[in-house]
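Participant: below are the sequence and a predicted model; questions follow.
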Number of protein chains: 2
Amino acid sequence: MKVPVIKRILDAQERIAAELKQLFDEKGILVINLMSSPGAGKTSILEKTIEALKDKLRLAVIEGDVQTSLDAERIARYGILTVQINTYGACHIDGNMVKEALPDLNLDEIDILFVENVGNLVCPAEFKVGEDYKVMILSVPEGDDKPAKYPLMFRESSVLLINKIDLLPFLECDLEKINKEALKVNPHLKNFPVSAKTGEGLEGWYDWLIEAFKAKNHEKKN
Amino acid sequence: MKVPVIKRILDAQERIAAELKQLFDEKGILVINLMSSPGAGKTSILEKTIEALKDKLRLAVIEGDVQTSLDAERIARYGILTVQINTYGACHIDGNMVKEALPDLNLDEIDILFVENVGNLVCPAEFKVGEDYKVMILSVPEGDDKPAKYPLMFRESSVLLINKIDLLPFLECDLEKINKEALKVNPHLKNFPVSAKTGEGLEGWYDWLIEAFKAKNHEKKN
């Protein structure tokens, strides 16, 4: 009895996500679904990204948290349009939640919309929120065995940001192993070792975002 | 239509967990449900705990992972009875999965059973697996804002192990803030700052386990 119910919910989820994707496509908005474990650095990387790109592109952020608006407050400080979704127990953001956030977003004035998911390396990978790309962060203190242990998120993601590389000298964590294991799970995964603290490696990520935005809007115009 | 379905599943979950609890109580087994984010150090702390206690108490481990048996292999090396549960997508261990593992456990020869949950700071807190205590690990690289952001796990846990304190000199993470915020969410939370790497602080955790086992069996005999 259980499986059909779950399937029905997932079907509705797929439909809502497809509707959102169509809406964002029409508006030429690049949508990034940003996922990681708790504390891997989603908000810190967003802060750096906003600092780097806010004068070139119009950015907006949907902040997902089980509760609190701590991260939304961090982001709003940069003068960026920020909407908070509190999931109250749910372990991921789904399309319905993003749909509810739409009235608070002026879609005609956004180039890139970041959806910062709930900190969770499992469930968010299973749900679409209308995104163009899933981007995941793995922080090096989490260890180099994560691609093998949580393969779905690595498989679903287009970009992997390996964060906190400034801590590598103090850890037993093999960056090359992460890279190799991640590519074994997903040969198309684009990989950027970065430090949100020092800024190291982030230029490549900014360039990737700008290119992805340009490519999307080039497609749109042709 | 959705809510009743979820409630029905949760009711069944509660019943299975209660049955498991009764069985473990009859056998005098202390059951610990060990939870944390991915890479916070569940397996490393289990390894240290096994080293310290295996000559005093009969230990067994149920290893929960989305897939792979990497952690179970690490534990089995210590000559401890180890059962692997692969959840294949599920983001937590539930009572049904533990029930399926029972035929592989000789309950008459176990003093403490550790259930190492899937790495996830959200969902595992919502499910019981027949445990006496939920024990959570937070590692300091995850940041000191986690009690406010993931309160359910802090609320449901009896013990908080704050791991990787050897990294504190290299991080902006306030141990006192974690402690204070965690106690705000759960005033009864027992708190041990530890390092699975150096062994610092783990004695208190071992003593807590021994006392909890003694208390459970004292209760049983009276």
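Facilitator: All right, it came through fine.

Participant: distance check, the residue nearest the centre of chain A against B:Ser69.
Facilitator: Central residue of chain A (Cα atoms, centre = their mean): A:Leu34, 1.0 Å from the mean position. As judged by Cβ to Cβ, to the nearest Å, A:Leu34 and B:Ser69 stand 30 Å apart. Backbone N, C-alpha and C define where each C-beta goes, glycine included.

Participant: what does A:Cys173 give?
Facilitator: Going from A:Cys173 to B:Ser69 by Cβ to Cβ gives 21 Å.

Participant: can you list the residues of chain A near chain B?
Facilitator: Contact residues (Cβ under 8 Å from any Cβ of the partner chain) of chain A with chain B: A:2, A:5, A:9, A:37-40, A:65-68, A:70-71, A:89, A:91, A:118-123, A:126, A:139, A:141-143, A:145-146, A:148-152, A:164, A:166-167, A:170-171.

Participant: quick one: buried ones out of those residues?
Facilitator: Neighbour-count burial (16 or more other Cβ atoms under 10 Å in any protein chain shown) applied to the residues of chain A next to chain B gives A:37-40, A:65-66, A:68, A:71, A:91, A:118-123, A:139, A:141-143, A:145-146, A:148-152, A:164, A:166-167, A:170-171.

Participant: now do the strands in chain A.
Facilitator: Listed in chain order, the strands of chain A (DSSP state E) span A:30-36, A:59-65, A:81-86, A:112-116, A:133-139, A:159-163, A:190-193.

Participant: any chance of the ones you listed in a markdown table, with mean pLDDT too?
Facilitator: Shown next, in a markdown table, are the strands of chain A (pLDDT from 0 to 100):
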| stretch | mean pLDDT |
| --- | --- |
| strand A:30-36 | 98 |
| strand A:59-65 | 94 |
| strand A:81-86 | 92 |
| strand A:112-116 | 98 |
| strand A:133-139 | 98 |
| strand A:159-163 | 98 |
| strand A:190-193 | 97 |
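
Participant: just put those in JSON lines and tack on distance to B:Val83.
Facilitator: JSON lines is the format used below for the strands of chain A (distance: least, Cβ to Cβ, whole Å):
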{"stretch": "strand A:30-36", "distance to B:Val83": "29"}
{"stretch": "strand A:59-65", "distance to B:Val83": "34"}
{"stretch": "strand A:81-86", "distance to B:Val83": "37"}
{"stretch": "strand A:112-116", "distance to B:Val83": "37"}
{"stretch": "strand A:133-139", "distance to B:Val83": "28"}
{"stretch": "strand A:159-163", "distance to B:Val83": "32"}
{"stretch": "strand A:190-193", "distance to B:Val83": "35"}
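
Participant: go through those strands and name the closest to B:Leu105.
Facilitator: Closest approach to B:Leu105 among these is made by strand A:133-139 (33.3 Å; Cβ to Cβ).

Participant: and the angle for the closest one with strand A:112-116?
Facilitator: 50 degrees (axes from the mean of the first three to the mean of the last three Cα atoms, to 10 degrees).

Participant: so what touches strand A:133-139?
Facilitator: Identification of contacts with strand A:133-139 by Cβ atoms under 8 Å, 6 or more residues apart in numbering or on different chains yields A:31-37, A:39-42, A:45, A:125, A:146-147, A:153-154, A:156-164, A:178, A:212, B:39, B:141.

Participant: same check, this time on stretch A:63-82
Facilitator: Stretch A:63-82 is contacted from outside by A:42-43, A:46-47, A:50-51, A:54, A:59-62, A:83-93, A:97, A:105-106, A:109-110, A:115-118, B:122, B:145, B:148-152, using Cβ under 8 Å, 6+ apart.

Participant: please pick the buried ones from these.
Facilitator: Buried among those (16+ other Cβ under 10 Å): A:42-43, A:46-47, A:50, A:59-62, A:83-87, A:90-93, A:97, A:105, A:110, A:115-118, B:122, B:145, B:148-152.

Participant: and for A:Glu63, the neighbour number?
Facilitator: A:Glu63: 28 surrounding residues under other Cβ atoms under 10 Å in any protein chain shown.

Participant: next one: the one 10 residues further on
Facilitator: Under the neighbour criterion other Cβ under 10 Å, A:Glu73 is assigned a count of 12.

Participant: could I get the pLDDT score of it?
Facilitator: A:Glu73 is assigned a predicted lDDT (pLDDT) of 92.

Participant: tell me the spacing between it and A:Glu47.
Facilitator: 12 Å.

Participant: wait, doesn't A:Asn217 sit right on A:Lys27?
Facilitator: No. Assessed by Cβ atoms under 8 Å, A:Asn217 is found out of contact with A:Lys27, at 10.3 Å.

Participant: of these two, which one has the most company?
Facilitator: Using other Cβ under 10 Å as the criterion, A:Asn217 and A:Lys27 rank with A:Lys27 on top: 17 against 14.

Participant: shouldn't the more buried one be in contact with A:Glu109?
Facilitator: No. Using Cβ under 8 Å, A:Lys27 is not in contact with A:Glu109, being 9.5 Å away.

Participant: before we move on, the earlier item: tell me which of A:Cys173 and B:Ser69 has more neighbours.
Facilitator: A count of neighbours by other Cβ under 10 Å puts A:Cys173 above the other of A:Cys173 and B:Ser69, at 21 against 15.

Participant: so which of the contacts of stretch A:63-82 sit within helices?
Facilitator: If you go by DSSP state H, the contacts of stretch A:63-82 have A:42-43, A:46-47, A:50-51, A:97, B:148-149, B:151-152 in helices.

Participant: any chance of JSON lines for those, columns distance to B:Arg15 and pLDDT?
Facilitator: As requested, those are arranged in JSON lines below (distance: Cβ to Cβ, whole Å; pLDDT from 0 to 100):
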{"residue": "A:Lys42", "distance to B:Arg15": "37", "pLDDT": "98"}
{"residue": "A:Thr43", "distance to B:Arg15": "40", "pLDDT": "97"}
{"residue": "A:Leu46", "distance to B:Arg15": "43", "pLDDT": "98"}
{"residue": "A:Glu47", "distance to B:Arg15": "46", "pLDDT": "98"}
{"residue": "A:Ile50", "distance to B:Arg15": "48", "pLDDT": "98"}
{"residue": "A:Glu51", "distance to B:Arg15": "52", "pLDDT": "97"}
{"residue": "A:Met97", "distance to B:Arg15": "31", "pLDDT": "89"}
{"residue": "B:Ala148", "distance to B:Arg15": "33", "pLDDT": "95"}
{"residue": "B:Lys149", "distance to B:Arg15": "31", "pLDDT": "94"}
{"residue": "B:Pro151", "distance to B:Arg15": "26", "pLDDT": "95"}
{"residue": "B:Leu152", "distance to B:Arg15": "21", "pLDDT": "95"}
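
Participant: give me the buried positions along stretch A:188-204.
Facilitator: Along stretch A:188-204, these residues count as buried under the neighbour rule (16+ other Cβ under 10 Å): A:189, A:191-197, A:201-202.

Participant: start to end distance for it?
Facilitator: In stretch A:188-204, first residue to last residue: 16 Å (Cα to Cα, to the nearest Å).

Participant: alright, that wraps it up for me.
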